[in-house]
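Participant: Okay, here's the prediction I keep looking at, along with the sequence it came from:
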Amino acid sequence: MKKLKNHVDELFKGVPDSEQKKAIKQEVLENLEEKVLDLIDQGKEEEDAINKAIVDFGDIDDIKKELGVKQPVKKNMSKLNLGFSIWGSILIIALFIFINFAYTPKTIWFVYPTFAVLWWPLAMYFNWQRSK
Amino acid sequence: MIRSDLIRGHLDSIILRLIFEQDRYGYEISKEISLRTDNRFQIKEATLYAVFQRLEKKELIESYMGSVSQGGKRKYYRITTLGKAYLREMIEEWKETKEVIDLFMEGLQ
């Protein structure tokens, strides 16, 4: 029967501790033990009976859901990413404009890197659109 | 053995019905289901406890600890008034569903 208890412990490992969890575990274990005794009565070896009870028990995911174990929700970062990309590109472009006019005011070249940099917020914008 | 996903949506009703007849505890219910269906449907215990949780949260059933004379301190479930009303509704709904599905499932070889 120790094996049964270990199995139940293992099943509920991912569930955060609470009174409710303790109660369910207790209930599950008692009912499983009764099933094992029943199976032994029907002529099974204890080892077989325990294995059958464990297999019949099935997957615990439903219980977890009812106990409110939330699947980790991925936070949506795309809006933040978009904001960062806009601020970042403004700073970079401002830097280009400053260098351009401070050192080589006769040739206007800042437009070229500006175009390149703008890909960044553009990509983030569509990423944000997609996640909406 | 019947595919369990077809039955899944009706598990609440099945279990409510069994508790409606008399107060029962977990293993008893799973045994009863296997017995009545002649082993054509066996409920996974894990599913059973999930249903208990759900029904209890919806206040359709309530639990209490059985006395030792009933054999150990088992957790029994009894149906509430709300549960009885819900079960009746489910039965009505099922009758109608059955008729609709039968329109398409019956009569073909």
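Facilitator: Thanks, I have the structure now. All values derive from a computational prediction rather than experimental measurement.

Participant: Show me what the helix or strand where residue B:78 lies pairs with in its sheet, parallel or antiparallel.
Facilitator: Using DSSP states H and E, residue B:78 falls within strand B:75-79. Note on strand B:75-79: by DSSP bridges, its sheet partners are strand B:24-25 (antiparallel), strand B:61-65 (antiparallel).

Participant: For whichever helix or strand comes after the first one, enumerate the helices and strands it packs against.
Facilitator: Think strand B:24-25. Going down the chain from strand B:24-25, the next helix or strand is helix B:26-36, by DSSP H and E. Identification of packing neighbours for helix B:26-36 by 3 or more Cβ pairs under 8 Å, 6 or more residues apart in numbering or on different chains; DSSP states H and E yields helix A:19-41, helix B:11-21, helix B:45-57. C-beta here means a position set from N, CA and C on the backbone, and glycine is covered the same way.

Participant: just how off-centre is the helix or strand following the longest one within its chain?
Facilitator: I take that to be helix A:19-41. As assigned by DSSP H and E, the chain's next helix or strand after helix A:19-41 is helix A:46-57. In this view, helix A:46-57 has its centroid 32 Å away from the chain centroid, taken as Cα atoms, centre = their mean, to the nearest Å.

Participant: Show me what helix A:46-57 is packed up against.
Facilitator: Using 3+ Cβ pairs under 8 Å, 6+ apart as the test, helix A:46-57 ends up in contact with helix A:2-11, helix A:19-41, helix B:45-57.

Participant: Go through those helices and name the closest to residue B:31.
Facilitator: With Cβ to Cβ, the closest approach to residue B:31 among the helices and strands packed on helix A:46-57 belongs to helix A:19-41: 7.7 Å.

Participant: Could you check the angle that closest one makes with strand B:61-65?
Facilitator: Orientation of helix A:19-41 against strand B:61-65 (axes from the mean of the first three to the mean of the last three Cα atoms, to 10 degrees) gives an angle of 70 degrees.
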